[in-house]
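Student: fold the following, please.
(chains A, B, C and D)
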Number of protein chains: 2
Amino acid sequence: MVDIFERTGKIAIGRRLRLLSQQLTDDSSKIYQLYGIEGFLPKWFPVFFILHQDGEQTITRIAEHIGHSQPSVTRSIKEMAKVGLVKDNLKSKDKRKNVVGLTDKGMIISQKILNELSSDANNVVDLMIAQAQHNLWEAIKEWEKLLEQKSLHKRIQEQKKQRESKYIKIVSYQAEYKSAFKSLNEQWVSTYFEMEESDYKYLDHPEKNIIEKGGKILVALYKDQPMGVCALIKTEDPEYDFELIKMAVSPEAQGKNIGYLLGKEIIKVAKELGASKLFLESNRVLKPAVNLYHKLGFTEISTRPSPYKRADIQMELAL
Amino acid sequence: MVDIFERTGKIAIGRRLRLLSQQLTDDSSKIYQLYGIEGFLPKWFPVFFILHQDGEQTITRIAEHIGHSQPSVTRSIKEMAKVGLVKDNLKSKDKRKNVVGLTDKGMIISQKILNELSSDANNVVDLMIAQAQHNLWEAIKEWEKLLEQKSLHKRIQEQKKQRESKYIKIVSYQAEYKSAFKSLNEQWVSTYFEMEESDYKYLDHPEKNIIEKGGKILVALYKDQPMGVCALIKTEDPEYDFELIKMAVSPEAQGKNIGYLLGKEIIKVAKELGASKLFLESNRVLKPAVNLYHKLGFTEISTRPSPYKRADIQMELAL
DNA sequence: AAAAGTTATATAACTGGTTATGCAAAAGTA
DNA sequence: TACTTTTGCATAACCAGTTATATAACTTTT
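Tutor: Residues are numbered from 1 along each chain as shown, chains lettered A, B, ... in the order given. Here you go, the predicted structure:
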């Protein structure tokens, strides 16, 4: 039964933790009985503890302290009030607040729990930790910290990108990629805007209008399929050497870092061509694209005339 | 919020584990999305995994494999069937059985999960383990094993006994314990049986009928209160030197090992008095008592005549 | 072959938590 | 002072599991 975890591997670490925690908490009501504490539900412990240590306080306050939701505390308090461990609705100026405190009966039980049960439990756990080679308590603390720094989701996303980057190759334009170069760009342009004359100029005749004019086209292959493209053209503007245009990544291949890899590579190419400053145009609606350009080091500049209607942001990068 | 655990101490290790496991599983639906797996609930994973690995099988079989309850699997299967990942009620001679298998759609998704997601997750967890000083995965395994050997409940019980044994003192009879000697015995005898003449002989005149005849009375004090007694009297029977009588422990002080400590001490005393064989009588209704005698090393013997009506078991111990 | 027992499953109800929502009271602001 | 926003709480509904129980279908015993 346990060896399901050996079979599924560490992806099931969450489940395995839950199972272990369940094993531990399942015993707990029996343990309270051991100490002659009748009618006390183990789940009340955190609420009880905080009331004993910090005294009377409101429900929301308790919830914050113990890291539970407020409705969960409300329910516990109700249950505890029913068996007379706690009294609620204590005097308070603010009528929204429900100030809660231990009753005398609650005090007596809390003495017992904290002096006897709690200290025995502590010793037992310490003993178990000592019997094991790997310290569970410390390991939990470390994991809490690690997850605080970076969520599991984020970590897996990165891992995925890294694995997939092995399937990504950035290559120079060749005739066989002509249709991909057009369709990838057409796809996103027509989703957000309308195709313009300038678009057709480059997409229909890339060799003539880009490469033969001293520009460059890069293609990103994912598992040997063209999934992203971008191009560099010489500008007339004397301030810039090249303009970055026609950056496009297939929606199917999103999240694989293809845009970034293309960008990095095209910047490298520009440097090799002797460029010292790059220019590009985009639209603020395309947030992921603008983010990507920022990530690549581009900075916004005040707008100058553009051949594209859709352009509402211009950026530059000094190499 | 987290430091509630530093305050409550290790008694809350179960809760802390649950919280950590929750943090891990909360992310999981987002993670499935990352891989383009839509409409798959992470809780289905174990069922899915086992169907992929071991092929078609019945619901109960799956439940056993993955260590969940049968109703839980029944529900998962229903949900998965609804979205077409699984087909149930496959042909089977035994009409009670519900044989379940993956559909083609299920197969495709399971490929994706097991080849990509699962391996990325494994790598991420391994990386996190490597970043931590204390290996969480191994620590969990060790705890599972430790708990299998001895439950938390049992461990805490032992710890409690040990702590309390510090408050227990075994002392020789003195006049001040006369009333305790009588009342402790009276209490249990009259609960199960009726007081007999023999009882009054020893309980009303312990000095005269026990001590002055070469016997011995021990009293167990718990926090300086007499909570247990037992006595040794010389027997007429030449085969035995002494008989163990009037063993009684207050119900309030049960579970503190007092009976065992009294027994051990009285045996030691008997040895010092030069005894080589002890005798005692009891009744099978008093299971904890008979257990205690066994634990002390006594063995049953075939019955001989007794002055007590209530005796139906006799035991001896060779020193 | 009938009766009794066992097995496989579905269903219902509970558990210890959660999020979502609505309402009243208090606080802030025009 | 009236209006809007915020706060504190209760309630409802959900979630992923559980145990308990009923029922039908098989198997074993008499």
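
Student: can you pull out the strands in the stretch 201-319 of chain A?
Tutor: With DSSP state E, counting those that start in this stretch applied, the stretch 201-319 of chain A shows strands at A:216-222, A:225-234, A:242-249, A:277-282, A:299-301, A:313-318, listed in chain order.

Student: can you put those in a markdown table and add mean neighbour count, distance to chain B and mean pLDDT?
Tutor: Heads up, the C-betas are built off the backbone N, CA and C, glycines and all. Rendered in a markdown table, the data for the strands of the stretch 201-319 of chain A read as follows (neighbours: other Cβ atoms under 10 Å in any protein chain shown; distance: least, Cβ to the nearest Cβ, whole Å; pLDDT from 0 to 100):
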| stretch | mean neighbour count | distance to chain B | mean pLDDT |
| --- | --- | --- | --- |
| strand A:216-222 | 22 | 14 | 94 |
| strand A:225-234 | 22 | 15 | 94 |
| strand A:242-249 | 23 | 16 | 94 |
| strand A:277-282 | 20 | 26 | 92 |
| strand A:299-301 | 12 | 31 | 91 |
| strand A:313-318 | 17 | 29 | 92 |
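
Student: make a markdown table out of these and add distance to DNA strand C.
Tutor: A markdown table is the format used below for these (distance: least, Cβ to the nearest atom of the strand, whole Å):
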| stretch | distance to DNA strand C |
| --- | --- |
| strand A:216-222 | 35 |
| strand A:225-234 | 35 |
| strand A:242-249 | 32 |
| strand A:277-282 | 34 |
| strand A:299-301 | 33 |
| strand A:313-318 | 34 |
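
Student: minimum distance to B:Val124: which of the ones you listed has it?
Tutor: When these are ranked by proximity to B:Val124, the top entry is strand A:216-222, at 21.8 Å, counting by Cβ to Cβ.

Student: relative to DNA strand C, how far out is the residue of the stretch 201-319 of chain A found nearest DNA strand D?
Tutor: As assessed by Cβ to the nearest atom of the strand, DNA strand D sits closest to A:Gly255 within the stretch 201-319 of chain A, at 23.9 Å. From A:Gly255 over to DNA strand C the distance is 25 Å, taken as Cβ to the nearest atom of the strand, to the nearest Å.

Student: in the sheet, which strands lie alongside the helix or strand of chain A with the lowest mean pLDDT, parallel or antiparallel?
Tutor: Taking mean pLDDT, DSSP states H and E as the measure, the helices and strands of chain A show their lowest mean at strand A:86-90, namely a mean of 85. Counting by DSSP bridges, the strands paired with strand A:86-90 are strand A:99-102 (antiparallel).

Student: give the closest residue to A:Ala180 in space, chain neighbours not counted.
Tutor: A:Pro226 (3.9 Å; Cβ to Cβ, 6 or more residues apart in numbering or on different chains).

Student: my guess is that neighbour meets A:Leu184, correct?
Tutor: Yes. Counting by Cβ atoms under 8 Å, a contact exists between A:Pro226 and A:Leu184, whose distance comes to 7.4 Å.

Student: redo the strands of the stretch 201-319 of chain A as JSON lines? Include distance to B:Ala311.
Tutor: Listed next are the strands of the stretch 201-319 of chain A as JSON lines, based on distance: least, Cβ to Cβ, whole Å:
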{"stretch": "strand A:216-222", "distance to B:Ala311": "88"}
{"stretch": "strand A:225-234", "distance to B:Ala311": "91"}
{"stretch": "strand A:242-249", "distance to B:Ala311": "92"}
{"stretch": "strand A:277-282", "distance to B:Ala311": "99"}
{"stretch": "strand A:299-301", "distance to B:Ala311": "99"}
{"stretch": "strand A:313-318", "distance to B:Ala311": "100"}
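
Student: quick one: closest of these to B:Lys141.
Tutor: Using Cβ to Cβ as the measure, strand A:216-222 is the one of the strands of the stretch 201-319 of chain A that comes nearest B:Lys141, at 38.7 Å.

Student: which residues are in contact with that closest one?
Tutor: Outside of strand A:216-222, the residues that reach it under the criterion Cβ atoms under 8 Å, 6 or more residues apart in numbering or on different chains are A:164, A:167-174, A:177, A:180-181, A:206, A:210-211, A:226-232, A:246, A:249, A:253, A:256, A:258, A:261-262, A:265-266, A:269-270, A:273.

Student: A:Glu207 and A:Ala231, how far apart?
Tutor: Here A:Glu207 is placed at a distance of 11 Å from A:Ala231 (Cβ to Cβ, to the nearest Å).

Student: let me fix that, I meant to ask about A:Ile4.
Tutor: The spacing between A:Ile4 and A:Ala231, counted by Cβ to Cβ, is 52 Å.

Student: please apply the same query to A:Ile156.
Tutor: 33 Å.

Student: how about the strands of the stretch 201-319 of chain A, which one is nearest B:Leu114?
Tutor: Evaluated with Cβ to Cβ, the strands of the stretch 201-319 of chain A place strand A:216-222 nearest to B:Leu114, the distance being 21.0 Å.

Student: return the residues in contact with A:Arg61.
Tutor: In this structure, A:Arg61 makes contact with no residue, judged by Cβ under 8 Å, 6+ apart.

Student: CA atoms only: put the helix or strand harbouring A:Gly106 into CSV for me.
Tutor: Assigning secondary structure by DSSP states H and E places A:Gly106 in helix A:104-112. This file holds the C-alpha atoms of helix A:104-112, laid out as CSV (Å, rounded to 0.1, in the frame of the first residue of the first chain):
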residue,chain,number,x,y,z
ASP,A,104,-12.6,28.4,34.4
LYS,A,105,-13.3,24.9,33.1
GLY,A,106,-11.3,25.7,30.0
MET,A,107,-8.4,27.1,32.1
ILE,A,108,-8.2,23.8,34.1
ILE,A,109,-8.1,21.7,31.0
SER,A,110,-5.6,23.9,29.3
GLN,A,111,-3.3,23.6,32.3
LYS,A,112,-3.5,19.8,31.9
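
Student: my read: A:Glu239 touches A:Ala275, true?
Tutor: No. The pair A:Glu239 and A:Ala275 does not pass the contact test of Cβ under 8 Å, sitting 11.8 Å apart.

Student: those two: who's more crowded?
Tutor: For A:Glu239 versus A:Ala275, neighbours defined as other Cβ atoms under 10 Å in any protein chain shown are more numerous around A:Ala275 (18 against 10).

Student: give the contact list for that one.
Tutor: With contact taken as Cβ under 8 Å, 6+ apart, A:Ala275 is in contact with A:Asp241, A:Phe242, A:Leu319.
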